[in-house]
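**Student:** Structure for this input, please:
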Amino acid sequence: MRNTYLVTYDICHDRRLAKVHKTMRGFGDHLQYSVFECQFTQADLARCRHLLSQVIDHREDQVLFVDLGPVEGRGDRVISALGKPYAPIDAPCIVVGRRDED
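**Tutor:** Predicted coordinates for the structure are as follows:
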């Protein structure tokens, strides 16, 4: 059985952020900058968590998995927004970092 999850992350450094984003692209739909919707089996969820665990710094970064329940019987996805309207992101995410001066 598959459950729908929102996966959101706060990553402190640009390189890790790019790696997390690339990892997540293999698992779900990119909804917003650091938010993905994924349909996971228990094995998919464990694999995703394992891969992300190898990328993030466990002292600085955070990845949240929000279980929205079973995929079956949920109906269509409905997303509403305040402020700017929601629009699906079809373009790749490009992370541009700033080099700190010594």
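**Student:** the strands in this structure, which residues?
**Tutor:** 3-10, 28-32, 35-40, 62-70 (DSSP state E).
**Student:** Buried residues in stretch 14-33, which are they?
**Tutor:** The neighbour-count check on stretch 14-33 (16 or more other CB atoms under 10 Å) flags 16, 17, 18, 19, 20, 21, 23, 24, 27, 28, 30, 31 as buried. From N, CA and C alone the C-beta is placed, and that goes for glycine too.
**Student:** Now flag whichever of the residues you listed is closest to residue 9.
**Tutor:** The shortest gap between residue 9 and any of the buried residues of stretch 14-33 belongs to residue 20, at 5.6 Å (CB to CB).
**Student:** separation between residue 28 and residue 69?
**Tutor:** Look at residue 28 and residue 69: by CB to CB, to the nearest Å, they are 15 Å apart.
**Student:** Can you tell me which of the buried residues of stretch 14-33 comes closest to residue 61?
**Tutor:** Nearest to residue 61 among those: residue 16, at 6.5 Å, using CB to CB.
**Student:** what's next to whichever helix in the chain runs longest, contact-wise?
**Tutor:** What stands out as the longest helix in the chain, according to DSSP state H, is helix 42-55. The contact list for helix 42-55, computed with CB atoms under 8 Å, 6 or more residues apart in numbering, reads 2-3, 5, 7, 9, 16, 19-20, 23-24, 27, 38, 40, 63, 65.
**Student:** Would you mark the buried spots in that helix?
**Tutor:** Quick answer for helix 42-55 (16+ other CB under 10 Å): 44, 45, 48, 52, 55.
**Student:** TSV for those, including pLDDT and distance to residue 73?
**Tutor:** Output for these, formatted as TSV (pLDDT from 0 to 100; distance: CB to CB, whole Å):
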residue	pLDDT	distance to residue 73
44	96	19
45	94	19
48	96	23
52	95	28
55	95	33
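**Student:** Just list the residues touching the closest residue to residue 6 other than its chain neighbours, thanks.
**Tutor:** Excluding the flanking residues, the one nearest residue 6 by CB to CB, 6 or more residues apart in numbering is residue 66, at 4.2 Å. Applying CB under 8 Å, 6+ apart to residue 66 gives the contacts 5, 6, 7, 8.
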